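*Asks:* The following comprises the amino acid sequence and a computationally predicted model.
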Amino acid sequence: MGRWRPPGEKSSPYITPEGFAVLEQELKDLWLRRRDVVKALAAAAAEGDRSENAEYHYRKKELGGIDRRIRYLQKRTPDLTVVNEAPASDEKVFFGAWVELEKDSDGSTVEYRIVGADEAKPSDNLISMDSPLAKALLKKSLDDEVAVSLGDSKETFFITGIRYR
């Protein structure tokens, strides 16, 4: 049995200006890091027998990871669409919105920003527009009720605030 898997569903090609700047900076940093790793790899290779040279094997693996990420970023960034403008109406939830939600179960509030898949970071309350919660929120208005299936449970939220920028 082979390891081949069908390609996954493509993520949305949208990104905020801040997210795009982060990806560009990551690509620049990777090129600088790659230069240092190549130097270290050459020094490790010069030490002689490569079969038992842990430094050589570590640097080869590290270089492969860096090259893989560089290839991904070089392929992905030209396809991205940077969304600079807020929508004409700030009364509905669209890409780039900060949405304040109140949980129906306990009344606690949480605020999320809907961003592109390449910049999503749930720990910073940045959720991908491809996530179930963001899909449920899109095109909703203030005071709307949103029900979302999160794994085995179903959670209900009320939209208490929408803002852009």
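*Replies:* Okay, I see it.

*Asks:* Just the C-alphas of the worst-scoring helix or strand of the chain on mean pLDDT, formatted as PDB.
*Replies:* Taking all helices and strands of the chain together, the one with the lowest average confidence (mean pLDDT, DSSP states H and E) is strand 145-150, at a mean of 89. Output in PDB follows, covering the C-alpha atoms of strand 145-150 (Å, rounded to 0.1, in the frame of the first residue of the first chain):
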ATOM      1  CA  GLU A 145     -27.500  33.700  16.800                       C
ATOM      2  CA  VAL A 146     -24.900  31.300  15.400                       C
ATOM      3  CA  ALA A 147     -24.900  27.600  16.000                       C
ATOM      4  CA  VAL A 148     -21.600  25.700  15.300                       C
ATOM      5  CA  SER A 149     -20.700  22.000  15.600                       C
ATOM      6  CA  LEU A 150     -17.300  21.800  17.300                       C
END
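
*Asks:* immediately after that strand, which helix or strand?
*Replies:* Next helix or strand after strand 145-150 toward the C-terminus (DSSP states H and E): strand 153-164.

*Asks:* hmm, who's touching that next one?
*Replies:* Outside of strand 153-164, the residues within contact range by CB atoms under 8 Å, 6 or more residues apart in numbering are 86-87, 90-93, 96-105, 109, 111, 137, 140-148. C-betas here are computed from N, CA, C, even on glycine.

*Asks:* Just checking: what are the partner strands of that strand?
*Replies:* Strand 153-164 has the following sheet partners, assigned by DSSP bridges: strand 97-103 (antiparallel), strand 145-150 (antiparallel).

*Asks:* what's the most buried one of these?
*Replies:* Taking mean count of other CB atoms under 10 Å as the contact definition, the stretch among these with the greatest mean neighbour count is strand 97-103, which reaches a mean of 19.

*Asks:* Dump that strand to PDB, keeping only the CA atoms.
*Replies:* The C-alpha coordinates for strand 97-103 follow below in PDB (Å, rounded to 0.1, in the frame of the first residue of the first chain):
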ATOM      1  CA  ALA A  97     -13.700  41.500  10.800                       C
ATOM      2  CA  TRP A  98     -13.100  41.300  14.500                       C
ATOM      3  CA  VAL A  99     -16.200  39.600  15.800                       C
ATOM      4  CA  GLU A 100     -17.200  39.600  19.500                       C
ATOM      5  CA  LEU A 101     -19.200  36.600  20.500                       C
ATOM      6  CA  GLU A 102     -21.100  35.700  23.600                       C
ATOM      7  CA  LYS A 103     -21.500  32.000  24.400                       C
END
